[in-house]
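J.: Need the 3D shape of this:
(2 chains)
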There are 2 protein chains.
Amino acid sequence: MTSSTAARRLTPKGQATRDRIAAAAAELMYENGVAGTSTEDILKAARVSSPSQLYHYFGDKKALVQAVIEYQTEHVLGFQRPLLGRLDSFEALQAWRDAVVRAQHARDCRGGCPLGSLAAELSDTDPQARARLVAGYAQWQDAIREGLRAMRERGALDADADPDRLALALLTALQGGLLMTQAHRDTTALETVLDAMIERIRCHATGRA
Amino acid sequence: MTSSTAARRLTPKGQATRDRIAAAAAELMYENGVAGTSTEDILKAARVSSPSQLYHYFGDKKALVQAVIEYQTEHVLGFQRPLLGRLDSFEALQAWRDAVVRAQHARDCRGGCPLGSLAAELSDTDPQARARLVAGYAQWQDAIREGLRAMRERGALDADADPDRLALALLTALQGGLLMTQAHRDTTALETVLDAMIERIRCHATGRA
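T.: Below is the predicted model of the structure:
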């Protein structure tokens, strides 16, 4: 959240204001899309009185969108980290799958993936946003891969298992599942594709824990 | 395309104008999103002089969006139908996978899925659009399922293979792959997830053609 020069120079109070604006913008853009979120909405939600404050912290809407992508990347990985950090057994994969499905029910199957929704809206029109989203996906894929690599290293998966490809396939399947959840307002597609991918990984199971 | 009462009463010339508007709107909304597409843009692209014509054929923007979803459903299924119609062998699945990947390269990996992009933008805010998108996905899933069912019936897949679930998983994986293609401007994720799903289906292969 502190990658820009301006951000590094902020006082604690300034940093808090900046974070509050980013969080409010993230929430509104998740609900209404980037195009559907006005500066006025963000100022109101963040309890900031003047547009000049927004420009002071972010420069322009594109810079704010960058901060929103960083916020959502941390949110997605933060939410999943307790589970992602130990995706190193079939039990852990199953628990993660169940937690992802439960999280969708908790939000009434709305919204889709915070990163995927931004990717769908921005990839073709905002190169900086796209680059930041790609970086977010890379972090996510890394987190999944680590667990699969650990499984292979201790012999739970056979030598043919490719943690890179399996992690990318699982993340991609998840993206499709979250989009279909949003469209169907139902988790059947999400459950089905995650189960299919976990079964695919299970093809490499050696039977050793 | 002719589900509304108004559409059924159109002259051939009126129908042609209506179709031209829907096609122009579909193209613009695919490129710029629904929120990013103005009535003026659509009129200009469709070579229609007066906003009243748009309202004559579609009533309002939401009705136009409905027509766009129908147009894109036909487009997606029409494009894939020659292949979808015979997704009844592993060779056909592989040829379909290759054609999907080639189609992404042909459009420079931009745009994502015409239905998926609309689903991401509209599912939470436009219940009629969401219902129409769900119907489009159902047609798509049906088309995939028919091939898998044929494979099971002639014994190429074992009795444990569930064509319903496998078709839903494959379609969902495809949705994720198309979104990731758009984000990464690269088809690696799409190829990886489709390969993983075809390998998953291959777990049910009996070895009989």
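
J.: make it CA atoms for all contacts and neighbour counts henceforth
T.: Fine.

J.: Tell me which helix or strand in chain A has the weakest average pLDDT.
T.: Lowest by mean pLDDT, DSSP states H and E among the helices and strands of chain A is helix A:5-8, with a mean of 51.

J.: Could you look up the next helix or strand downstream of that helix?
T.: Downstream of helix A:5-8, the next assigned helix or strand under DSSP states H and E is helix A:12-32.

J.: Restrict the very next helix or strand once past that next one to CA atoms and write it as PDB.
T.: Downstream of helix A:12-32, the first helix or strand assigned by DSSP H and E is helix A:39-45. Provided in PDB are the C-alpha atoms of helix A:39-45 (Å, rounded to 0.1, in the frame of the first residue of the first chain):
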ATOM      1  CA  THR A  39     -15.400  10.300  -6.700                       C
ATOM      2  CA  GLU A  40     -18.300  11.800  -4.700                       C
ATOM      3  CA  ASP A  41     -19.300   8.300  -3.600                       C
ATOM      4  CA  ILE A  42     -15.800   7.500  -2.400                       C
ATOM      5  CA  LEU A  43     -15.400  10.800  -0.500                       C
ATOM      6  CA  LYS A  44     -18.700  10.200   1.200                       C
ATOM      7  CA  ALA A  45     -18.000   6.600   2.100                       C
END
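
J.: Confirm that A:Gly155 sits in a strand.
T.: No: read with DSSP: H, G, I helix; E, B strand; the rest coil, A:Gly155 is coil and lies in no strand.

J.: What number of residues are in the vicinity of the residue of chain A at minimum distance from chain B?
T.: Here chain A gets closest to chain B at one residue, A:Gly176, 3.5 Å apart by Cα to the nearest Cα. A:Gly176 sits with 32 neighbouring residues when counted by other Cα atoms under 10 Å in any protein chain shown.

J.: Does the closest residue to it other than its chain neighbours fall in a helix, a strand, or a coil region?
T.: Excluding its sequence neighbours, the residue lying closest to A:Gly176 (Cα to Cα, 6 or more residues apart in numbering or on different chains) is B:Gly176, at 3.5 Å. Classification of B:Gly176 using three-state DSSP returns helix.

J.: so the helix or strand where A:Leu168 lies versus helix B:163-184, what angle?
T.: Element membership for A:Leu168, per DSSP H and E: helix A:163-184. For helix A:163-184 against helix B:163-184, the angle by axes from the mean of the first three to the mean of the last three Cα atoms, to 10 degrees is 110 degrees.

J.: For A:Thr187, which non-adjacent residue is spatially closest?
T.: A:Thr181 (5.1 Å).

J.: Got the domain ranges for chain A?
T.: Structural domains assigned to chain A are A:1-59, A:68-209, following automatic domain parsing.

J.: Mean pLDDT lowest where, among the ones you listed?
T.: Sorting the domains of chain A by mean pLDDT places domain A:1-59 lowest, at a mean of 87.

J.: Does chain B have contacts with that domain?
T.: Yes: interface with chain B: domain A:1-59 contributes A:31, A:33, A:35-36 (Cα under 8 Å from any Cα of the partner chain).

J.: quick one: stretch A:150-158 to chain centroid distance?
T.: 27 Å (Cα atoms, centre = their mean, to the nearest Å).

J.: what comes up buried for it?
T.: A:150-152, A:156-158 (16 or more other Cα atoms under 10 Å in any protein chain shown).

J.: what two of those are the furthest from one another?
T.: Greatest spacing in the buried residues of stretch A:150-158, by Cα to Cα: A:Ala150 and A:Asp158 (11.5 Å).

J.: How much space separates the most centrally placed residue in chain A from A:Gly33?
T.: Taking Cα atoms, centre = their mean, the centroid of chain A lies closest to A:Val76, which sits 3.8 Å from it. Counting by Cα to Cα, to the nearest Å, the separation of A:Val76 from A:Gly33 is 17 Å.

J.: before we move on, the earlier item: my guess is the residue of chain A closest to chain B meets B:Thr172, correct?
T.: Yes: using Cα atoms under 8 Å as the test, A:Gly176 is close enough to B:Thr172 to be in contact (5.0 Å).
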